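# Take this sequence and fold it.
(2 chains)
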Amino acid sequence: MRVLVVEDEADLADAVARGLRREGYAVDVAYDGDEALDKAAVNAYDLVCLDLNLPGIDGIEVVRRIRADADAQPPRVLMLTARDRTVDRVIGLDEGADDYLVKPFDFDELKARVRALLRRDAGRSGALLQVGDIELDSARHEARRVGRPLALTPKEFALLHYFMSRAGQVLSQEDLLEHVWDENADPFTNTVRVTVMTLRRKLADAGKGQPIETVVGRGYRLREEP
Amino acid sequence: MNLPARLWDRLPEWTRSIRFRYTLLYSAVLFGLAAVVLAAVYVVLLMALQATPVSSSNRVWCPQLGGPCYNLITFREAERLVNAEILDKLRFYMIGALGVLFVSSLGVGWVVAGRVLAPIGRITAVARDIQATDLSRRIQLPGPEDELKQLADTFDAMLARLDAAFGAQRQFVADASHELRNPLAIIRTNADVALTDPDATPEDLRQAIAVVKRAGDRMSLLVGDLLALARRQQPTLEHEPVDLGAAVAEASDDFVVPAETRDIVLDRAIAPGVVVTGDREALKRVVANLLDNAVRLAPAGSRIRLATGSEDNRAWIAVADEGPGIAPDDQAHVFDRFWRADKARSRSDGGTGLGLAIVRQLVESHGGEVRLHSKVGVGSSFVVWLPITRPAGDLMRA
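Purely as a prediction, here's the structure:
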């Protein structure tokens, strides 16, 4: 899942990004409204953590434009705001933000809200994902196949998470690079292929058969039925 | 009516009202006046008419033996008798009239007092309601420009002032909490992220602590400035003669090194012998805040000029920089709390957004004013004007 953190306080933005990366999200950071809109135009984000009080283009305007410009599915927007008056939150929510957090916030709460917002896309209500004999608990950061725990790196976990939230769909290498890797990933390396390979090997070791199949010329697909 | 308090307590509620007392007073005065007038009329009549009550006369006339007998009186006696009868009747009716007057004066007094005092009841009811609900309401008593209308209007003016003061206070608290939340969020998030990272290296932790310290420093600056602003409620400022030149020189000494490190030349032209009345520390803070802004925001290699002097009966301090300047539209806002010309530079440059607000407040509390002259691309100059109460020589001798 790919997340954009928009926050003009660099010390806060970097800490949020670091914490979210550790959760396995691919995180980019923008320090003002213009940069946020530039990045949102280039990359397909699943979620934007947005400070309302931004220099240059205001946070509310950023929400409005991100939602207007998005082609198919606009990213979920989680507002971070230092204004605790109800009216500010109402404006933000009315303009298309999905949720808000008032600063200073508990980082665990931020993580929980991010998970909850990302779950909405998959149409699920819990932190637990299940496809075939694979289970994934995004809150606890655990994945199992046939009840056996999988020892995954954060990137492999994020990749599996993305596959599972789009089970049955064919995902190209570009899709995976867009949503699982952040902007620092070099698109010309074979990092996607390598990570898919290691993930497949770990899945195969834990159970019978290979749930992630290659669709020649198009990409990969996680089979919904084993 | 100064009755003992305990007696008042025993009386029923309604007797404690002004209306009751006014009625009693009105009635008593009216009754007393009427009684005096009637008594005077009575006494005058009594003296003017010689009256004797009917008494048996010793002269008896019996026209027929065995027939009825008549008392014989003179014509004068008869007149006196009639007079006595009239005075008797008069006394009876006077007392009756006084009784009726007393009762009706009570009723009239009660009604009149009620009418006169009705607006006060209205004022009280509205004031009580406003106190319980919101300060934005007003009494707005209708009617002619009389004493009670003036009272209500005075109340309204007071409410307006209170409302404005509370509004300003609320805005101040909202602004302050907003500004404090950002460094708090930095501290909390960095601590959370660093603490929950099982693989954090000592270098990571050191970095997190450095960030927390930076945010903490910013908060303490901010809290210091907020307190300086909030203290205006109490006039704690000293009133003593201050050698303006010496105070300015002292305050500016702290900025020589910071200016040098930013490759900025600090020119000082301080006129000696200018003495103003005020608080030395506050005046130093005014200079320090102006210089702090200039040194932080002026481009490297530029020049900052600091000068003081006096003109007519006013002393001035001027700080001019060759910074970016302030757009005409923004010039009205520079002294507002938390206002920043460039929102982007706001957080990282170490300013709290309160410096100029403090300057204005301190200068105004000295009876002076601060003016901004600025041209975009040329630079800004801030000029502080302070009144000189007495010539320097007098103060030296004093």
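# Could you report the neighbour count for B:Gln361?
B:Gln361 has 20 neighbours, counted by other C-beta atoms under 10 Å in any protein chain shown. Heads up, the C-betas are built off the backbone N, CA and C, glycines and all.
# right, and it touches B:Ala230 too?
No. Applying C-beta atoms under 8 Å as the test, B:Gln361 and B:Ala230 come out as separate, 10.3 Å apart.
# In the sheet, which strands lie alongside the helix or strand in which B:Gly309 is found, parallel or antiparallel?
Using DSSP states H and E, the element containing B:Gly309 is strand B:303-311. Within its sheet, strand B:303-311 is paired with strand B:265-269 (parallel), strand B:314-320 (antiparallel), according to DSSP bridges.
# Tell me which helix or strand comes right after the shortest one.
Sequence-wise, the next helix or strand downstream of strand B:265-269 (DSSP H and E) is strand B:275-278.
# Can you tell me the closest non-neighbouring residue to B:Val108?
Spatially, and ignoring its direct neighbours in sequence, B:Val108 is nearest to B:Tyr26 (7.8 Å; C-beta to C-beta, 6 or more residues apart in numbering or on different chains).
# Which helix or which strand is home to that neighbour?
Assigned by DSSP H and E, B:Tyr26 belongs to helix B:18-48.
# Tell me which residues of that helix come out buried.
For helix B:18-48, the neighbour count (16 or more other C-beta atoms under 10 Å in any protein chain shown) marks B:Arg19, B:Phe20, B:Tyr22, B:Thr23, B:Leu24, B:Tyr26, B:Ser27, B:Leu30, B:Phe31, B:Ala34, B:Leu38 as buried.
# Only alpha carbons, please: show the strand or helix carrying B:Ala259 as CSV.
Following DSSP H and E, one finds B:Ala259 within helix B:256-261. This file holds the C-alpha atoms of helix B:256-261, laid out as CSV (Å, rounded to 0.1, in the frame of the first residue of the first chain):
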residue,chain,number,x,y,z
VAL,B,256,26.6,41.2,16.9
VAL,B,257,27.7,37.6,16.8
PRO,B,258,24.6,36.1,15.3
ALA,B,259,24.7,38.8,12.6
GLU,B,260,28.3,38.0,11.9
THR,B,261,27.7,34.3,11.5
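# which other helices and strands contact that helix?
Counting by 3 or more C-beta pairs under 8 Å, 6 or more residues apart in numbering or on different chains; DSSP states H and E, the packing neighbours recorded for helix B:256-261 are strand B:265-269.
# Could I get the buried residue list for the strand it packs on?
B:Leu266, B:Arg268.
# Could you pick out the longest helix of chain B?
Scanning chain B for the longest helix, with DSSP state H as the assignment, gives helix B:75-132.
# excluding its backbone neighbours, what's nearest residue 62?
Because you didn't say which chain, this covers chain A. Distance criterion C-beta to C-beta, 6+ apart; nearest residue to A:Val62, sequence neighbours excluded, is A:Gly33 at 4.9 Å.
# switch to chain B, that's the one I care about
Among residues not flanking B:Cys62 along the chain, B:Cys69 sits closest, at 3.9 Å (C-beta to C-beta, 6+ apart).
# swap in A:Leu37?
Using C-beta to C-beta, 6+ apart, the closest residue to A:Leu37 is A:Arg65 (5.8 Å).
# go on, A:Gly24?
Nearest to A:Gly24 is A:Ala158, by C-beta to C-beta, 6+ apart, at 3.8 Å.
# Quick check: next helix or strand after the helix or strand encompassing the one you found?
Following DSSP H and E, one finds A:Ala158 within helix A:154-165. The first helix or strand that comes after helix A:154-165 along the chain, using DSSP H and E, is strand A:170-171.
# touching chain A at all, whichever strand or helix holds B:Leu148?
For B:Leu148, the host element (DSSP H and E) is helix B:147-195. Yes. Helix B:147-195 reaches chain A (C-beta under 8 Å from any C-beta of the partner chain) through B:174, B:177-179, B:181-182, B:184-190, B:192-193.
# tell me which residues of whichever helix or strand comes after that helix are tucked away?
Using DSSP H and E, the helix or strand that directly follows helix B:147-195 along the chain is helix B:202-230. Going by neighbour count (16+ other C-beta under 10 Å), the buried part of helix B:202-230 is B:207-208, B:211-212, B:214-215, B:218-219, B:222, B:225-226, B:228-229.
# what's near enough to touch the residue nearest to A:Gly24?
Counting by C-beta atoms under 8 Å, 6 or more residues apart in numbering or on different chains, A:Ala158 makes contact with A:Met1, A:Gly24, A:Tyr25, A:Ala26, A:Val180.
# Report how many residues lie close to the last one.
So the one you mean is A:Val180. Neighbours of A:Val180 using other C-beta under 10 Å come to 27.
# Please report how far it lies from A:Val146.
To A:Val146, A:Val180 is 24 Å away according to C-beta to C-beta, to the nearest Å.
# Domain parsing of chain B, as residue ranges.
Each domain of chain B is listed here as a residue range: B:5-133, B:167-232, B:237-397, per automatic domain parsing.
# cool, and chain A?
Taken from automatic domain parsing, chain A resolves into A:2-122, A:128-222.
# quick one: the shortest one to chain centroid distance?
The gap between the average C-alpha position of domain A:128-222 and the chain average comes to 14 Å, counting by C-alpha atoms, centre = their mean, to the nearest Å.
# Can you give me the end-to-end span of it?
Using C-alpha to C-alpha, to the nearest Å, the end-to-end distance of domain A:128-222 comes to 17 Å.
# Please dump the domains of chain B into CSV; it should also carry mean pLDDT for every row.
Output for the domains of chain B, formatted as CSV (pLDDT from 0 to 100):
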stretch, mean pLDDT
domain B:5-133, 83
domain B:167-232, 86
domain B:237-397, 82
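# and the gap between B:Ala35 and B:Ala28?
Remark: distance between B:Ala35 and B:Ala28 (C-beta to C-beta) = 10 Å.
# And A:Glu109, by the same measure?
76 Å.
# Spell out the secondary structure type for the residue of chain B most remote from its centre.
The centre of chain B is farthest from one residue, B:Leu65, which by C-alpha atoms, centre = their mean lies 102.2 Å away. Secondary structure, DSSP: H, G, I helix; E, B strand; the rest coil: B:Leu65 is coil.
# ok, now B:Leu372?
B:Leu372 - assigned by three-state DSSP - is strand.
# Flag every buried residue along the helix holding A:Ala158.
For helix A:154-165, by 16+ other C-beta under 10 Å, it's A:Lys155, A:Glu156, A:Phe157, A:Ala158, A:Leu159, A:Leu160, A:His161, A:Tyr162, A:Phe163, A:Met164, A:Ser165.
# pretty sure the second one contacts A:Val194?
No. The criterion here is C-beta under 8 Å, and A:Glu156 misses it with A:Val194 at 10.3 Å.
# tell me the phi and psi of B:Tyr70?
Note on B:Tyr70: its backbone torsions stand at phi -120, psi 140 [degrees, to the nearest 10].
# And the residue nearest to it when sequence neighbours are not counted, how far from B:Val82?
Excluding the flanking residues, the one nearest B:Tyr70 by C-beta to C-beta, 6+ apart is B:Trp61, at 5.2 Å. As judged by C-beta to C-beta, B:Trp61 and B:Val82 stand 20 Å apart.
# neighbour-wise, which of these two wins?
For B:Trp61 versus B:Val82, neighbours defined as other C-beta under 10 Å are more numerous around B:Val82 (13 against 8).
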